[in-house]
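Trainee: sequence first, predicted model second:
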Number of protein chains: 2
Amino acid sequence: MNNEHSTLSFMPYTYEFPRPSITVDCVVFGLDREHKLKILLIQRNLEPFKGEWALPGGFVRIDETLEAAALRELREETGIETVFLEQLYTFGKLDRDPRERVITVAYYALVNLWEYQIRAATDASDAAWFTVDALPSLAFDHDRIVQTALKRLQGKLRYEPIGFELLPEKFTLFQLQKLYETVLGQELDKRNFRKKILNMNLLIALDEFQQDVSHRAARLYQFDRLQYEQLKEKGFNFEI
Amino acid sequence: MNNEHSTLSFMPYTYEFPRPSITVDCVVFGLDREHKLKILLIQRNLEPFKGEWALPGGFVRIDETLEAAALRELREETGIETVFLEQLYTFGKLDRDPRERVITVAYYALVNLWEYQIRAATDASDAAWFTVDALPSLAFDHDRIVQTALKRLQGKLRYEPIGFELLPEKFTLFQLQKLYETVLGQELDKRNFRKKILNMNLLIALDEFQQDVSHRAARLYQFDRLQYEQLKEKGFNFEI
DNA sequence: TCAAAAGTGTTCCTGGTACACCCATGC
DNA sequence: GCATGGGTGTACCAGGAACACTTTTGA
């Protein structure tokens, strides 16, 4: 990786001016069954920061887009296939990587942890979920990236219907409310929450109910994406 | 710039894997005296797209941050010194530059066009202001970048007090209202607008009035940044 | 005296907020 | 029968929206 200790035969790409490396990093959010917000981290098995926890990510190849790189790294390192993925911010401080100048384009992803367990990493390194308010210390400037992602998630959640990405296809209003309470960090009134979300006409009430719960089974709902797109066309603004 | 037609002596930087170039581009917004929203463009005097209009921008040096690169390019190409500058989005499509893979980190800036005229570019190429709804065709994917910046500006303007960056230090409520009407593209009720903005207690009413206007002179106001920071601490949310 | 913008209050209505009890189920 | 969440309505209040006229100034 460093020019100094390799011969030209392994360094076939030459440029008139020095160039930084470009990476992508992904902050993957998931919501567990106890309504805790979690982030997926990888234990590094290479220097620098070997053994420390870091965001999944890696170098952008010359023939792939940034988003393709993010999706590829997610697949390779965590087994995640299809997710909500959105660009977060590009971090370019000079010393954020001790080896050389590395600019990273950060993405954040929302995955549904309810129905299936994300596979651990496919290679030797470990992947694990951590509750956001009990994260280990992170490699590079990944703690700053995580904080930025958290703020973005909180902001977006209030003004766009992205919370559903963290829930299974069919969910209860209680789950949805807990999601908002967890991510926004404030309790919400049950009756007012239901009134507000149902009045939006974005949820399809199913004729299905929870199974195997030790209390009255709640009705299941589904998010009506099509309806949302149509309402948005007409100037409707989602807001919780 | 291309590997093919230069000797190694001019291409002293070698890497194991190919690397894209990194540039920054700036969408500079200004508001003219007729309450029109304008963008600052540069006429390119180099290939590719020679003679076409493009956003001010250029290559990121290995020893400068992204923001520093954006500020430097603004200074060099337009003479703009201190502005509101915020990262917008990073564009990484494979073919967005016909020469080679170039990833650009876009910024948007807000400048005050009222008190002084922005200098034209310092080199031979031309800089000029264009009304946003009458832009010429742009080089590269710069039209997409402009559209992204416009959406961001409209979104931010409603929820953060950044509109003041487009006005002089001392402004009238009428100017402020016209700003919102222009950027958001909708008319606002004069009485309701004044009530709302004054009730926020974010404006300092000065004992100064407009000069040399052919109608009753309006009172001048100033944005109270300190007060805004304090209110924000306490959970206050700006919203128009 | 005309043109252009400054400046000012009230009414109505919508939507947010606060709040408490009974129901169904499994253990 | 107890614990857990499911499910429901009303009263109050704040803030948004609609709306018209008089004042000031310079040309």
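Mentor: Received it, and whenever you're ready, just let me know what you need.
Trainee: give me the pLDDT for A:Arg23.
Mentor: Actually, residue A:23 is Thr. It isn't Arg. Per-residue confidence (pLDDT) for A:Thr23: 98.
Trainee: what number of residues lie near it?
Mentor: Neighbour count for A:Thr23, taken as other Cβ atoms under 10 Å in any protein chain shown: 22. (Glycine included, C-beta is placed from N, CA and C.)
Trainee: what residues does chain A put near DNA strand C?
Mentor: Within chain A, the positions near DNA strand C by Cβ under 7 Å from any atom of the strand are A:189-192, A:195-196, A:212-217, A:239.
Trainee: give me the distance from the lengthiest helix in chain A to the chain's centre.
Mentor: The helix that spans the most residues within chain A, counting by DSSP state H, is helix A:142-159. Computed by Cα atoms, centre = their mean, to the nearest Å, the chain-centroid distance of helix A:142-159 equals 10 Å.
Trainee: how about stretch A:13-28?
Mentor: Remark: stretch A:13-28 is offset 22 Å from the chain centroid, using Cα atoms, centre = their mean.
Trainee: what of stretch A:17-37?
Mentor: For stretch A:17-37, the separation from the chain centroid amounts to 6 Å (computed by Cα atoms, centre = their mean).
Trainee: can you give me the end-to-end distance of it?
Mentor: Chord length of stretch A:17-37, first to last residue, is 44 Å (Cα to Cα, to the nearest Å).
Trainee: can you tell me if that stretch touches DNA strand D.
Mentor: No - Stretch A:17-37 is not in contact with DNA strand D by Cβ under 7 Å from any atom of the strand; minimum separation 9.1 Å.
Trainee: SS state for the residue of chain A found nearest DNA strand D?
Mentor: Using Cβ to the nearest atom of the strand, the single residue of chain A nearest to DNA strand D is A:His215, 2.6 Å away. What DSSP: H, G, I helix; E, B strand; the rest coil gives for A:His215 is coil.
Trainee: how many neighbours does it have?
Mentor: Look at A:His215: counted by other Cβ under 10 Å, it has 6 neighbours.
Trainee: now swap in A:Tyr228 and tell me
Mentor: A:Tyr228 has 18 nearby residues by other Cβ under 10 Å.
Trainee: for it, what are its contacts?
Mentor: A:Pro161, A:Leu202, A:Phe238 (Cβ atoms under 8 Å, 6 or more residues apart in numbering or on different chains).
Trainee: may I see these arranged in CSV, with pLDDT and secondary structure as well?
Mentor: As requested, the contacts of A:Tyr228 are exported to CSV (pLDDT from 0 to 100; DSSP: H, G, I helix; E, B strand; the rest coil):
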residue, pLDDT, secondary structure
A:Pro161, 97, coil
A:Leu202, 96, coil
A:Phe238, 95, coil
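Trainee: drop anything exposed from those residues.
Mentor: Restricting those to buried positions leaves A:Pro161, A:Leu202, A:Phe238, with burial counted as 16 or more other Cβ atoms under 10 Å in any protein chain shown.
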